[in-house]
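> Dropping a prediction and its sequence here:
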Protein chains: 2
Amino acid sequence: MNETLLQNEALLQRFQAVAEETRFRIVQLLAGGERCVCELQAELEAAQSRLSFHLKKLKDAGVVSDRRDGRWVHYSLVPGALEEMRAFLGEVKPEEGWKPLAPRDGPCCS
Amino acid sequence: MNETLLQNEALLQRFQAVAEETRFRIVQLLAGGERCVCELQAELEAAQSRLSFHLKKLKDAGVVSDRRDGRWVHYSLVPGALEEMRAFLGEVKPEEGWKPLAPRDGPCCS
DNA sequence: GAAACACATCAATCAGAATTGATACGGAGA
DNA sequence: TCTCCGTATCAATTCTGATTGATGTGTTTC
C-alpha cells in the first residue's frame, strides 16, 4: 500500500470534517480554547445528538480530541492536524511569480 | 448584513469545494501548473460531464479560474483563495504553548 | 456552411451524509 | 442503590450532493 495515498486519504478526511457549517463553527469556537459539549450546545443552539454526531466526525478525522472530566467531556483542537492542512494548501499554492506550464505541443489530447 | 459572516460563508464554500475526492485531486494536479480540461480528464479518468461539474464547483468557490484558448479551456489555481484558507487554519490553530481556558466556575451549564 | 471537437449544462437517478427522536451508557450525588 | 445529569449511539427519515447520459454552445478546419 502506498504511504502517500494513505496520507492523502487522512488529509482529505480532515478537509471533509471541517467543510460543513456546524463543524466549521465548532472549529472556530474551539480556536478560543477547550470547550465542553454543553457549552458548544448552548453557543450553537444545536440539538444534543446532532452536536455529538458532528463532534464524532471531527474526532474521527483527528481534528479535535476529547478529555473526560467527571460527567463532562471537553473538546479541543489538535494543532498538528490543522498544521498538516495548512501544509497541504501551502504545497499546493503556486509560488509568487509562478508561471503556468508551457503549453504542450501537438493536440491537447492524443 | 455582517461582513464577517459573508467572509465566513465564502471561506466555508472554499473548504467544501476542496473537500471532495475528485476536486481534491484536481487541486493537487493544478498545483503543478495550469491544465486544460482534457488533460485533467485523462489523468483522473473521469467522465467529461463529471469533471465539468467539479470544475464548476471549484470555480464558483473561487478556488480555480479558467482561461479559454481556442477550443480548449485551461484551469489554474487562484493563489489568494488558498492563502485565505491557510490564514483561517492559522488563526484557528492554538499557539504553541497555548493553554486551555481556565475551567469556568459553577456548573457547566446553567 | 457542414462536420468534428472541446467543453458546459440539464434532467433523472443514485448515494452518502445530516437530522431527529428514542434509547443506552457512565459518572455523581442522595 | 436509586436517580439525575451529561453525553454517545442507534434506526428511520430527510436532504444534499454526485453521477450519468443526452443535449447545447462555441470554435476550428475543411
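Received the coordinates, thanks. Quantities reported herein were computed from a predicted structural model and do not represent experimental measurements. Numbers count the residues shown, from 1 in each chain, chains lettered A, B, ... in the order given.
> same question for the top helix by length along chain A, mean pLDDT?
Of all the segments assigned as helix in chain A under DSSP state H, the longest by residue count is helix A:3-18. Taken as a whole, helix A:3-18 has a mean pLDDT of 90.
> Alpha carbons only: can I get the helix or strand where A:Arg50 lies in CSV?
Counting by DSSP states H and E, the element that carries A:Arg50 is helix A:48-60. Extracted C-alpha coordinates of helix A:48-60, given in CSV (Å, rounded to 0.1, in the frame of the first residue of the first chain):
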residue,chain,number,x,y,z
GLN,A,48,-27.5,17.3,21.6
SER,A,49,-27.5,14.3,19.3
ARG,A,50,-26.7,16.4,16.3
LEU,A,51,-23.7,18.0,18.1
SER,A,52,-22.5,14.7,19.3
PHE,A,53,-22.6,13.4,15.7
HIS,A,54,-20.5,16.3,14.4
LEU,A,55,-18.0,16.1,17.2
LYS,A,56,-17.5,12.4,16.4
LYS,A,57,-16.8,13.3,12.8
LEU,A,58,-14.2,15.8,13.8
LYS,A,59,-12.7,13.4,16.3
ASP,A,60,-12.5,10.5,13.8
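> returning to that earlier point: list the buried residues in the longest helix of chain A.
A:8, A:11-18 (16 or more other CB atoms under 10 Å in any protein chain shown). Just so you know, the C-beta spots here come from the backbone N, C-alpha and C atoms, and that holds for glycine as well.
> That one vs DNA strand D: in contact?
No. Residues of helix A:3-18 contacting DNA strand D under CB under 7 Å from any atom of the strand: none, with a closest distance of 10.0 Å.
> Check stretch A:22-30 too.
No. Using CB under 7 Å from any atom of the strand, we find that stretch A:22-30 stays clear of DNA strand D, coming within 11.6 Å at best.
> buried set for stretch A:33-44?
Using 16+ other CB under 10 Å as the test for burial, stretch A:33-44 gives A:34-41, A:44.
> any idea how far that stretch is from the chain center?
18 Å (CA atoms, centre = their mean, to the nearest Å).
> quick one: that stretch near chain B?
Yes. Legend: contact between stretch A:33-44 and chain B by CB under 8 Å from any CB of the partner chain is shown at A:33-36, A:38-39, A:41-42.
> Tabulate the CA atom coordinates of that stretch in CSV.
Extracted C-alpha coordinates of stretch A:33-44, given in CSV (Å, rounded to 0.1, in the frame of the first residue of the first chain):
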residue,chain,number,x,y,z
GLY,A,33,-9.7,27.2,23.7
GLU,A,34,-11.2,24.0,25.1
ARG,A,35,-15.0,23.8,25.4
CYS,A,36,-17.3,21.2,26.9
VAL,A,37,-20.1,19.8,24.9
CYS,A,38,-22.8,21.6,26.8
GLU,A,39,-21.1,25.0,26.2
LEU,A,40,-20.9,24.2,22.5
GLN,A,41,-24.5,23.2,22.5
ALA,A,42,-25.5,26.5,24.0
GLU,A,43,-23.5,28.6,21.6
LEU,A,44,-24.5,26.7,18.5
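> what's the helix holding A:Arg50 in contact with?
Here helix A:48-60 makes contact (CB atoms under 8 Å, 6 or more residues apart in numbering or on different chains) with A:13, A:17-18, A:20, A:22-23, A:26-27, A:37, A:40-41, A:44, A:46, A:64-66, A:75.
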